[in-house]
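In: Next one to model:
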Amino acid sequence: MSNDIKIRKGLDIKLKGEAEKLISDAPRSKNFAIKPTDFHGVTPKMVVKVGESVKAGDIIFYSKYNEQVKFVSPVSGTLKEVKRGAKRRILEVVVEADAADTYKDFGSKDIESMSGEEVKQHILDSGCWPFIKQRPYDIVANPDDAPKAIFISGLATAPLAADVEFALGKRKEEFQIGLNAISKLTTGKTHLSIDKRSASFFNEVKGVQMHKVSGPHPAGNVGVQIHHIDPINAGERVWVINPEDVAIIGSLFKTGKFDATRVVAVAGTEAPKAQYYRLKIGSNVKDVVGQLPANVRIISGDVLTGDKIANDAFVGYYSNTITLIPEGDNYRMFGWLPFKDNNIPSMSKTSLSWLFPNKKYTVNTNLNGEERALVVTGEMEKVLPMDVYPMQLLKECMVLNIEKMENLGIYEVAPEDFALVDYVSTSKLEAQAIIREALDVMIKEVG
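Out: Okay, the predicted model is just below:
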C-alpha cells in the first residue's frame with residue numbers, strides 16, 4: 001500500500017544537456033580521494049600513514065568526536081598524499097590505486113538472523129556508516145541515537161539530476177538486501193518515496209512504507225518528503241540515505257565487500273558526452289570527462305546544490321551527478337530591461353520564459369544581478385512547499401536568534417531545501433549558506 005503526496009509549490013527548471021540513458025564503464029583513475037569536507041562537522045583522525053598500502057574497505061581515518069564512525073578506502077592501493085589547508089585542516093586523502101582492487105573481507109551476513117545492534121555494528125565496521133545522514137542538521141548520523149524513522153528518496157527532481165531508477169536498474173537484489181538491513185536500525189518505519197509515474201522495480205520492494213510523489217522540484221528532496229510524511233520536532237531524529245548507497249550496503253551484506261561502485265550521470269551542455277558512467281567513489285573527474293576549457297564550470301552535484309570543482313579534482317562522496325555548464329563570464333548589455341532576453345528561465349514575468357513552459361534552456365553561472373535589499377515579494381514562499389516562512393526564518397538565521405529559529409522550523413530544513421530560494425530571490429541572497437551557518441550554531445548550542 002502506498003500514500004500519495006502531491007507537491008504544488010516549487011519550480012521545474014528545464015535545461016538542455018540531459019544525460020543519455022546509456023551506462024558505460026569510466027576509465028579507472030590512477031588516483032582516488034576521500035574528502036573530509038564532504039562530511040560536514042567531521043574532524044578526521046588519520047589511521048594510515050603516507051606510503052602504506054590499503055585494501056578496499058581498510059580504514060583511512062575516523063571521526064575525532066565519534067571513533068565508531070570510520071571512513072574507508074574505496075580502492076586498494078597506496079596512500080599517496082594527505083592534502084592540508086589552513087590550520088593543517090585535512091582537505092583530501094589521496095590513494096594511488098592498484099590496477100585491480102583487493103578487498104578487505106567483512107564476511108557475508110544473514111540479515112534475518114541478526115539483531116539491530118549487530119546490523120549497526122557491521123555497517124560501522126565496514127565504513128558504510130557515513131552513507132547514513134541525520135535530520136535535523138544534515139550531518140552524518142550519530143550511531144548512538146535512536147531515529148524515529150528512516151527516509152529514502154527514490155526520485156530526483158533537480159535540474160539535470162541523475163535518474164535514480166535508471167542508475168539502480170540492475171541492482172534490485174542489493175537494494176532489497178540493503179533495505180532489509182537498514183530497516184533494523186529503527187523501531188519506526190522505513191519510508192521510500194518514488195515517482196508517482198514510476199514503473200520500475202521500486203514498486204516491488206518489500207518491508208517499507210511506500211509513498212508516490214508528484215509535483216515540481218523540490219518534490220524529490222527528502223526534507224520535503226519528511227515534512228509531508230512525519231515532520232521533525234525538537235529532540236527528534238530521523239535518518240536519511242540515498243538509494244544507491246542502500247545498494248552498496250546491500251552488497252556489503254551479500255558479498256562481505258565494501259564495493260564503492262556508483263553510477264554517475266555526466267550532464268550539461270558542455271559535457272563531451274552526456275551519459276551515465278559506472279565508477280568508484282572518489283574518482284578523478286578528468287578521467288571521466290577529459291580535459292575541459294577554462295570557461296566550463298564543473299559541478300560535483302546538480303546546478304542548484306552542487307560544489308564547484310577543478311578539472312583535476314575528485315567526485316564528491318555523495319555525488320551521483322557531474323554537471324558541466326558555461327561559466328558566467330559574459331555580460332548582457334541592458335540586461336535589466338524587461339523582455340530583453342527570452343533565454344533565461346525565470347519565475348518573473350519580466351522574462352517571456354513563462355510563455356514557453358516546456359522549452360529547455362542553455363544556462364551559465366551569471367547571477368544576472370547583484371546583491372540587493374531583502375524585501376517582501378512572496379517569491380520564496382512560491383518555491384518552498386513546507387509550512388515554513390522562509391524569509392522570516394532566513395532573517396532570524398542571519399542574526400542567529402536560536403529561539404525564533406526553533407519556532408520558525410529550523411529543525412525541518414537543510415540547505416538543499418533553500419536552493420530554489422537562492423535561484424528565484426531578487427535579493428541574490430546566499431540562502432543555503434545562511435541556513436548551513438545557522439544549523440552549525442544549533443548543533444553547538446542545542447545539540
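In: these two touch, right, residue 418 and residue 391?
Out: No. At 10.9 Å, residue 418 does not count as touching residue 391 under the criterion of Cβ atoms under 8 Å. From N, CA and C alone the C-beta is placed, and that goes for glycine too.
In: In terms of neighbours, single out the busier of those two.
Out: Neighbour totals were compared for residue 418 and residue 391, and residue 418 leads with 31 against 22 (other Cβ atoms under 10 Å).
In: contacting residues for that one?
Out: When contacts are counted by Cβ atoms under 8 Å, 6 or more residues apart in numbering, residue 418 touches 384, 390, 394, 431, 432, 434, 435.
In: A helix includes it, no?
Out: Yes. The assignment for residue 418 (DSSP: H, G, I helix; E, B strand; the rest coil) places it in a helix.
In: Okay, it and residue 325: tell me how far apart.
Out: With distances taken as Cβ to Cβ, to the nearest Å, residue 418 is found 21 Å from residue 325.
In: Hmm, residue 134 is touching residue 148, no?
Out: No. Residue 134 sits out of contact with residue 148 when judged by Cβ under 8 Å, with a separation of 11.1 Å.
In: what residues are shared contacts of those two?
Out: In contact with both residue 134 and residue 148: 237, 238, using Cβ under 8 Å, 6+ apart.
In: need the longest helix for the protein.
Out: helix 431-445 (DSSP state H).
In: Number of residues surrounding the nearest residue to residue 130 once chain neighbours are set aside?
Out: Nearest non-adjacent residue to residue 130, counting by Cβ to Cβ, 6 or more residues apart in numbering: residue 140, 5.3 Å away. Residue 140 sits with 21 neighbouring residues when counted by other Cβ under 10 Å.
In: So what does residue 140 have for phi and psi?
Out: Main-chain torsions, residue 140, degrees, to the nearest 10: phi -60, psi 130.
In: Name all residues that make contact with it.
Out: Counting by Cβ under 8 Å, 6+ apart, residue 140 touches 39, 40, 41, 42, 63, 69, 129, 130, 132, 133, 134.
In: Let's see that with 7 Å instead.
Out: Residue 140 sits next to 39, 42, 69, 130, 133 when contact means Cβ atoms under 7 Å, 6 or more residues apart in numbering.
In: Isn't residue 385 up against residue 5?
Out: No. Using Cβ atoms under 7 Å, residue 385 is not in contact with residue 5, being 9.7 Å away.
In: what about residue 48, distance to residue 98?
Out: Residue 48 sits 15 Å away from residue 98, going by Cβ to Cβ.
In: Show me what residue 103 bridges to in the sheet.
Out: residue 56 (DSSP bridges).
In: picking up where we left off before, only alpha carbons, please: show the longest helix of the chain as PDB.
Out: Provided in PDB are the C-alpha atoms of helix 431-445 (Å, rounded to 0.1, in the frame of the first residue of the first chain):
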ATOM      1  CA  ALA A 431      20.200  31.300   1.400                       C
ATOM      2  CA  GLN A 432      21.900  27.900   1.500                       C
ATOM      3  CA  ALA A 433      25.000  29.300   3.200                       C
ATOM      4  CA  ILE A 434      22.900  31.200   5.700                       C
ATOM      5  CA  ILE A 435      20.900  28.000   6.600                       C
ATOM      6  CA  ARG A 436      24.100  26.000   6.900                       C
ATOM      7  CA  GLU A 437      25.700  28.500   9.300                       C
ATOM      8  CA  ALA A 438      22.500  28.600  11.400                       C
ATOM      9  CA  LEU A 439      22.400  24.800  11.600                       C
ATOM     10  CA  ASP A 440      26.000  24.700  12.800                       C
ATOM     11  CA  VAL A 441      25.100  27.200  15.600                       C
ATOM     12  CA  MET A 442      22.200  25.000  16.500                       C
ATOM     13  CA  ILE A 443      24.500  21.900  16.700                       C
ATOM     14  CA  LYS A 444      26.800  23.800  19.100                       C
ATOM     15  CA  GLU A 445      24.200  25.400  21.300                       C
END
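In: With that, I have no additional questions.
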